[in-house]
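Engineer: Mind looking at a prediction? Sequence and model below.
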Amino acid sequence: MDAPDTAPIQGQMADVIIALADEGVPIQSLARGTKASSDDVRETLRFAIADGKITSMPREAWPPRTPKDARLPDTAAGEDESRFLTNCIRCFKLTKIEARLLTILLRRREVTKDTLLAQLYGGIDVPEIMIIDVFICKLRKKLLPHEITIKTIWAYGYCMTLDMRSKTMDLLEAFDKQISVGPAP
C-alpha cells in the first residue's frame, strides 16, 4: 500500500495537533482530544516533521499513574532522555540544569519563564523567576561558539527558531555518532 500524498488530518485541526505536539502533548492525548485515530495523528505529525513544522515526534502517552495535574509536556521523550541530556552536557559543556533547559527549548516552539521554572524545579524549592534569565545567559555563552542562538520574547519567555533547533539537533546527532564509533584501535 502506497503512502498518502497528504496528511490525513487537514486544516485548522492539523494546525492544532501540530502546535500541541510541539508543546509535548502525547499522541494518544491528541487523538482523544481531537476524536481522530492515533494512526491519523501520527501520520499528520510525520508530514509536519517532513515539512519542518516540528522537529520530533512526541511521546506515545503520558507516563503510567501520572496525576492529571502533574502532566506537563515532555522535555525529552522515552528512555533516551538520559543519553540525550548526557550528550547535551558533553557536546556543549553544559551543566545538568543548562542541558535540561536546552532540551525544553528544543522540544517547544516557544516557552514562558514560568513553564521553564516548573519544568526545571517541578514545584519543589522553586527559586525566583530571575534564575531563568541567569541560566539563559550562561547557556547562550556556551552555545555561541556553535553559532546557536536563543531569542527572547519580551515579557513572555524564550524560543529557538526552527533553524537553530535543527542545527542543534544535527550537532547532537553528529556528536552521538562520533562517540558511538569511539576511538580507532
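Structural biologist: The structure has been received and is ready for your questions.
Engineer: just so I have it, where are all the helices in this structure?
Structural biologist: Counting by DSSP state H, the chain has helices at residues 11-22, 27-34, 38-50, 81-92, 96-107, 113-121, 130-143, 162-181.
Engineer: right, so these: which one is the most enclosed?
Structural biologist: Highest mean neighbour count of the helices of the chain: helix 96-107, a mean of 21 (counted as mean count of other CB atoms under 10 Å). C-beta here means a position set from N, CA and C on the backbone, and glycine is covered the same way.
Engineer: same for that one, what does it pack against?
Structural biologist: Helix 96-107 sits against helix 81-92, helix 113-121, helix 130-143, helix 162-181, with contacts defined as 3 or more CB pairs under 8 Å, 6 or more residues apart in numbering; DSSP states H and E.
Engineer: would CSV of these with mean pLDDT be doable?
Structural biologist: Listed next are the helices and strands packed on helix 96-107 as CSV, based on pLDDT from 0 to 100:
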stretch, mean pLDDT
helix 81-92, 86
helix 113-121, 83
helix 130-143, 94
helix 162-181, 88
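Engineer: now for those, which one comes closest to Arg107?
Structural biologist: Checking those against Arg107 by CB to CB gives helix 162-181 as the closest, at 8.7 Å.
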